[in-house]
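**Student:** sequence first, then the predicted structure, then my questions.
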Amino acid sequence: MADVSSSSGRIGSLDGLRGIAALWVLIGHAMLLTGWHLPLIGDPDLGVDLFIMLSGFLMVFHYQLRENKKPWTDVTTWSSFWTRRFFRIAPLYYVMLAVAVALGPIVFQSRMTIDHFLGVTPQLPERYLDASLKNIMLHLSFLFGLSPAHAFRTPLPDWSISLEMQFYAAFPFLMLISRRLGWLKGTIGFVLAGVAFASAIRAAGINFPMPAFLPLKLHVFAAGMLLAGALNASRGRALAHFALALAFVVIPIGGGMTLMREIVRLLLVIAFFALIFHAHLPRPFAGLMNRLSDVMGNRFCHELGELSFGVYLIHLLIMQPAIAYLIHAYGHDISDFRRFLLSVAITIPITYALSAIGHRFIEMQGQKIGRTLTRRRAPALP
């Protein structure tokens, strides 16, 4: 049904989406920090939502590819999944966490310069300077997203990293629910449970500075999961998955809910669905989406997708000192738009170069370790 490479089990256009999501977050942050703004493009949270949907999709997609060889009844399937996911995320994250803690004072002073220049409420010092053992241990264990006080407490935009690891921890259980109840009933069930839990903690006065706690974003993960589940479904069932994914992404959890934002979230799901199922669209649209899918799956976009995790982690450590330098050097002598262009021109080449190094020497090595550790298989459960 979808544009899946038979040799690699890969949907090429998703590489382009990953690259777009990372660049969207980078550009959105540049707009927020320079004072020049465009609606929606300047909203990095929407780029993060695209990442989240992609994660939900890819986890289910790869599960479906491997479920005959690695069924969930095998005692090693869960541990292998968790091990590979850990070594996919942790190595580069740990390196960047150490760098961020070391550079915290420099980045904090840069952010103070930016906030003062833009006339916005300054960031709290602990947001950048907390090198306490408790904060470090919570981040090393990826548990920081469970604590409102620590969910957003390093110079990295890493609140979503804990969120991602929580999703990985829950994923096998979510799949078992979906297998037991069926895709539609199962996802409705666990999404409603997540919404109820999120509402309960808000009613109790527990507020997260960023939606780093899984129930606050489970509905967005579920939208991606549903689209992947539609790959092996009939046409009618696939459309039901699509409709439910549209409903999930506009569930009003958390702040920042505006009509335009929700329209963009709907458009993200529509574009995602059209890229995956373009062969089933009306002819003029099918041809257009097929060509777009080919472009987004080309070698260049593949490389952008491969570097997306590094770009996401690294860019603010480069961008904030760069913008502070531009403010010191030029002040109000240049326009907000020119400051934005200069900051992007400085940030993008350095960030992507460092991301390429990190991908080659850290991420890929971590993935090799994960594969090595999960080669042995244990007997199936009775």
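**Tutor:** Received, thanks.
**Student:** so where is the protein shaky, pLDDT-wise?
**Tutor:** For the chain, the stretches flagged by pLDDT under 70 are 1-9, 72-73, 75, 254-257, 376-382.
**Student:** by residue count, which helix of it is the longest?
**Tutor:** The residue-count maximum for a helix in the chain (DSSP state H) belongs to helix 75-118.
**Student:** what's near enough to touch Glu363?
**Tutor:** For Glu363, the contact set (C-beta atoms under 8 Å, 6 or more residues apart in numbering) comprises 88, 91-92, 309-310. Where you see a C-beta, it was placed from the backbone N, CA and C, and this is true even at glycine.
**Student:** now those residues in TSV, please, with extra columns for distance to Ala274 and neighbour count.
**Tutor:** Listed next are the contacts of Glu363 as TSV, based on distance: C-beta to C-beta, whole Å; neighbours: other C-beta atoms under 10 Å:
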residue	distance to Ala274	neighbour count
Arg88	28	17
Pro91	35	20
Leu92	32	22
Phe309	25	23
Gly310	28	24
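**Student:** next up, the contacts around Leu58.
**Tutor:** 14, 224, 228.
**Student:** tell me the secondary structure for the second one?
**Tutor:** Spelled out, it's Gly224. The three-state assignment at Gly224 reads helix, by DSSP: H, G, I helix; E, B strand; the rest coil.
**Student:** host element of the residue lying closest to it once chain neighbours are set aside?
**Tutor:** Take Gly224 and drop its neighbours on the chain: the residue closest to it by C-beta to C-beta, 6 or more residues apart in numbering is Gly56, 2.9 Å away. Gly56 belongs to helix 44-66 when assigned by DSSP states H and E.
**Student:** which positions in the helix or strand hosting Ser162 come out as buried?
**Tutor:** According to DSSP H and E, Ser162 maps onto helix 159-181. Across helix 159-181, burial judged by 16 or more other C-beta atoms under 10 Å covers 159-168, 170-172, 174-175, 177-178.
**Student:** convert that helix to CSV, retaining C-alpha atoms only.
**Tutor:** Output in CSV follows, covering the C-alpha atoms of helix 159-181 (Å, rounded to 0.1, in the frame of the first residue of the first chain):
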residue,chain,number,x,y,z
TRP,A,159,12.2,17.5,27.3
SER,A,160,11.1,15.5,24.3
ILE,A,161,13.9,13.0,24.8
SER,A,162,12.4,11.8,28.1
LEU,A,163,9.0,11.8,26.5
GLU,A,164,10.3,9.6,23.7
MET,A,165,11.9,7.1,26.2
GLN,A,166,8.6,6.9,28.1
PHE,A,167,6.9,6.0,24.8
TYR,A,168,9.5,3.3,24.2
ALA,A,169,8.9,1.9,27.7
ALA,A,170,5.1,1.8,27.2
PHE,A,171,5.2,0.7,23.5
PRO,A,172,5.1,-3.1,24.0
PHE,A,173,2.1,-2.7,26.4
LEU,A,174,0.3,-0.4,23.9
MET,A,175,0.8,-3.0,21.2
LEU,A,176,-0.5,-5.8,23.4
ILE,A,177,-3.6,-3.7,24.1
SER,A,178,-4.1,-3.0,20.3
ARG,A,179,-3.6,-6.7,19.5
ARG,A,180,-6.1,-7.8,22.1
LEU,A,181,-8.8,-5.2,21.4
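**Student:** contacts for it, please.
**Tutor:** Under C-beta under 8 Å, 6+ apart, the answer for helix 159-181 is 48, 51-52, 55-56, 59-60, 63, 72, 77-78, 81-82, 85-86, 89, 93, 142-146, 151-152, 186-187, 189-190, 209-214, 217-218, 221, 225, 229.
**Student:** still on that earlier bit, who wins on neighbours among the contacts of Leu58?
**Tutor:** Gly224 (27 neighbours; other C-beta atoms under 10 Å).
**Student:** residue contacts, that residue?
**Tutor:** Contacts of Gly224 (C-beta under 8 Å, 6+ apart): 52-58, 60, 245, 272.
**Student:** try it again at 10 Å.
**Tutor:** Contacts for Gly224 (C-beta atoms under 10 Å, 6 or more residues apart in numbering) come out as 49-61, 245, 248-249, 269, 272.
**Student:** which parts of the chain are strands?
**Tutor:** Counting by DSSP state E, the chain has these strands, from start to end: 4-5, 10-11.
**Student:** parallel or antiparallel, which strands does the last one pair with?
**Tutor:** Sheet pairing of strand 10-11 (DSSP bridges) gives strand 4-5 (antiparallel).
**Student:** for the spatially most central residue of the chain, which residues are in contact?
**Tutor:** By C-alpha atoms, centre = their mean, the chain has its centre lying nearest to Phe51, at 3.3 Å. Residues near Phe51 by C-beta under 10 Å, 6+ apart: 17-18, 20-22, 24-25, 160, 163-164, 220, 224, 308-309, 312.
**Student:** for Ile253, see how far away Gln166 is.
**Tutor:** Shown here: Gln166 relative to Ile253, a distance of 15 Å by C-beta to C-beta, to the nearest Å.
**Student:** whoops, Ile346 was the one
**Tutor:** Distance from Ile346 to Ile253, by C-beta to C-beta: 36 Å.
**Student:** please name the nearest non-neighbouring residue to His241.
**Tutor:** Ala230 (3.8 Å).
**Student:** that neighbour touches Thr187, doesn't it?
**Tutor:** No - between Ala230 and Thr187 there is no contact under C-beta atoms under 10 Å: 11.4 Å.
**Student:** what's the overlap in contacts for those two?
**Tutor:** 241, 244-245.
**Student:** among those residues, which are in helices?
**Tutor:** 241, 244-245.
**Student:** circling back to that earlier point, report the contact partners of the residue nearest to His241.
**Tutor:** For Ala230, counting by C-beta under 10 Å, 6+ apart, the contacting residues are 1-2, 57, 60, 183, 237-242, 244-245, 273, 276-277.
**Student:** got it, and Leu218?
**Tutor:** Contacts of Leu218 by C-beta under 10 Å, 6+ apart are 52, 56, 163, 166-167, 170, 174, 187, 190-195, 197-198, 225, 248, 251, 253.
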